[in-house]
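Student: The sequence isn't on hand, but the structure is:
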């Protein structure tokens, strides 16, 4: 198979452009991956190639678990993983593109923005390679160039400075297909992907790229996680365009743990089935005007969720937490939990966190609770150890909403306690 990690010096340097072009080029035979806890890029990956993109997160999983996860899902002829921020960003949590590509022994292609320079890109590449001797940087693609001659200047310099890095090609500056798109941010841009891919890959040696990434397919050995729970009951998973933050392996884990999984779409006003003993509500966007307009018209869904809360179990993440509350500013929610929220202009929490039970996860949100007296759980910053209220429950304790997104396979007791 072919395995590649696409990274860069920083965000906005072109790795999403290259990743998207390659996913489209190999869409019939590719498995996408995203390094880190991001929900947006994996949605875009899936829209491009029709295959679930799997998050590889070395903070929420230990090395053996991450190897197992990669081996399980690297089931196509090509595996393309998109890095997070710059190549080494996230090292303080052990979850950078460097950490993950090194752990999985996957060669990295660095996208270098070389506009307005011709020798400096080689110096930048040298700095990246020297920072950690065991790095996986094996190739480079130069972005935002104006001509073949400009590319040749930089290529000759890199090849004279390094004998272990393949210069695989270049991407022209100002691609026509990108002039009216927000690539990587808007799923509506997928209708432009054929043109984007053709233009982005026009000057890239695909055969050399494939040769660089060719390796044996990884194997998922053993099962390096705590024993998974088993239930003969059914669980409802609330997910649609407004509740779209769902890790694919979390869904797979629930399918393995429960007798059946029922997908419920509030946007289509689908009710929680009476046959489901528990409900998992994904994160997403409920505080926006467009999402709220849809949700306030979903009376059948809302009424069924309120009825379910009287006796069944509910576990909700982030947007799910907001929907369980009383309101977000002037937007009325379900009122199941006695807490209200307000939407701020700046994010209130972003990064890795651990709750009081030792469950590791990620949080990123712009809302904050107006009354933290009901907060029964604390999220502690992974680096600082500082704590803030992050979860709320009802008086009976069968309904829990939290800001923390986590990977169920690493914490099966969470599923056992909150959904079984």
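Tutor: That came through fine. Predicted model only: the values in this text are computed from it and were never measured.

Student: Going by neighbour count, list what's buried in stretch 338-346.
Tutor: 339, 340, 341 (16 or more other CB atoms under 10 Å). For the C-beta atoms, the positions are set from N, CA and C on the backbone; glycine is no exception.

Student: For that stretch, measure first residue to last.
Tutor: 24 Å (CA to CA, to the nearest Å).

Student: Can you name the residues that contact residue 239?
Tutor: By CB atoms under 8 Å, 6 or more residues apart in numbering, residue 239 lies in contact with 246, 263, 264, 265, 282.

Student: Can you get me a residue count around the first one?
Tutor: Meaning residue 246. 24 (other CB atoms under 10 Å).

Student: closest to residue 367 among the contacts of residue 239?
Tutor: Comparing the contacts of residue 239 against residue 367 with CB to CB picks out residue 282 as the nearest, at 16.0 Å.

Student: State the distance from the closest one to residue 254.
Tutor: 11 Å (CB to CB, to the nearest Å).

Student: Common neighbours of those two, please.
Tutor: With CB under 8 Å, 6+ apart as the test, residue 282 and residue 254 both reach residue 237.

Student: of the two, who's got more company?
Tutor: Remark: of residue 282 and residue 254, residue 282 carries more neighbours, 23 against 20, as counted by other CB under 10 Å.

Student: any idea how far that one lies from residue 321?
Tutor: Counting by CB to CB - residue 282 and residue 321 are separated by 11 Å.

Student: now the helices: where do they sit in the stretch 301-420 of the chain?
Tutor: Applying DSSP state H, counting those that start in this stretch to the stretch 301-420 of the chain gives helices spanning 319-324, 412-419.

Student: packing partners for the longest one?
Tutor: By that I understand helix 412-419. Under the contact criterion of 3 or more CB pairs under 8 Å, 6 or more residues apart in numbering; DSSP states H and E, helix 412-419 touches helix 248-257, strand 276-281, strand 313-317.

Student: The second one pairs with which strands?
Tutor: When sheet partners are counted by DSSP bridges, strand 276-281 sits next to strand 234-238 (parallel), strand 313-317 (parallel).

Student: Can you say which of these is nearest to residue 136?
Tutor: Closest among the strands paired with strand 276-281, using CB to CB: strand 313-317, at 32.4 Å.

Student: quick one: average pLDDT of that closest one?
Tutor: For strand 313-317, the mean per-residue pLDDT is 98.

Student: Reformat the buried residues of stretch 338-346 as JSON lines; add distance to residue 399.
Tutor: JSON lines is the format used below for those (distance: CB to CB, whole Å):
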{"residue": "339", "distance to residue 399": "11"}
{"residue": "340", "distance to residue 399": "16"}
{"residue": "341", "distance to residue 399": "16"}
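
Student: quick one, what contacts residue 32?
Tutor: 19, 23, 42, 45-46, 48-49, 51-54, 80-82.

Student: One more: residue 126?
Tutor: Counted by CB under 8 Å, 6+ apart, residue 126 has contacts 161, 162.

Student: what's the spacing between it and residue 172?
Tutor: Distance from residue 126 to residue 172, by CB to CB: 25 Å.

Student: quick one: buried residues of the helix or strand of the chain with the lowest mean pLDDT?
Tutor: Least confident helix or strand of the chain, by mean pLDDT, DSSP states H and E, is strand 375-381 with a mean of 76. Buried residues in strand 375-381, defined by neighbour count with 16+ other CB under 10 Å: 375, 377, 378, 379, 380.

Student: Where does the prediction get shaky in the stretch 51-200 of the chain?
Tutor: Applying pLDDT under 70 to the stretch 51-200 of the chain flags residues 177-190.

Student: nearest spatial neighbour of residue 217, skipping sequence neighbours?
Tutor: residue 1 (4.7 Å; CB to CB, 6 or more residues apart in numbering).

Student: Could you check the pLDDT of the one you found?
Tutor: pLDDT, read off for residue 1, is 95.

Student: these two touch, right, it and residue 77?
Tutor: Yes. Taking contacts as CB atoms under 8 Å, residue 1 lies within contact range of residue 77: 5.6 Å.

Student: need the contact list for residue 237.
Tutor: 246, 251, 254, 261, 262, 263, 264, 279, 280, 282.

Student: Counting neighbours, which of the residues you listed comes out on top?
Tutor: residue 280 (28 neighbours).

Student: Across the sheet, point out what pairs with it.
Tutor: residue 237, residue 315.

Student: List the contacts of it.
Tutor: 235, 236, 237, 238, 254, 314, 315, 316, 419.

Student: From residue 382, how far off is the third one?
Tutor: The gap separating residue 237 from residue 382 is 27 Å, by CB to CB.

Student: do you know how far the closest residue to residue 2 other than its chain neighbours is from residue 30?
Tutor: Closest residue in space to residue 2, ignoring its immediate chain neighbours: residue 213 at 4.2 Å, by CB to CB, 6+ apart. According to CB to CB, residue 213 and residue 30 sit 11 Å apart.

Student: Overlap of the contact sets of these two?
Tutor: In contact with both residue 213 and residue 30: residue 78, using CB under 8 Å, 6+ apart.

Student: All set, thanks.
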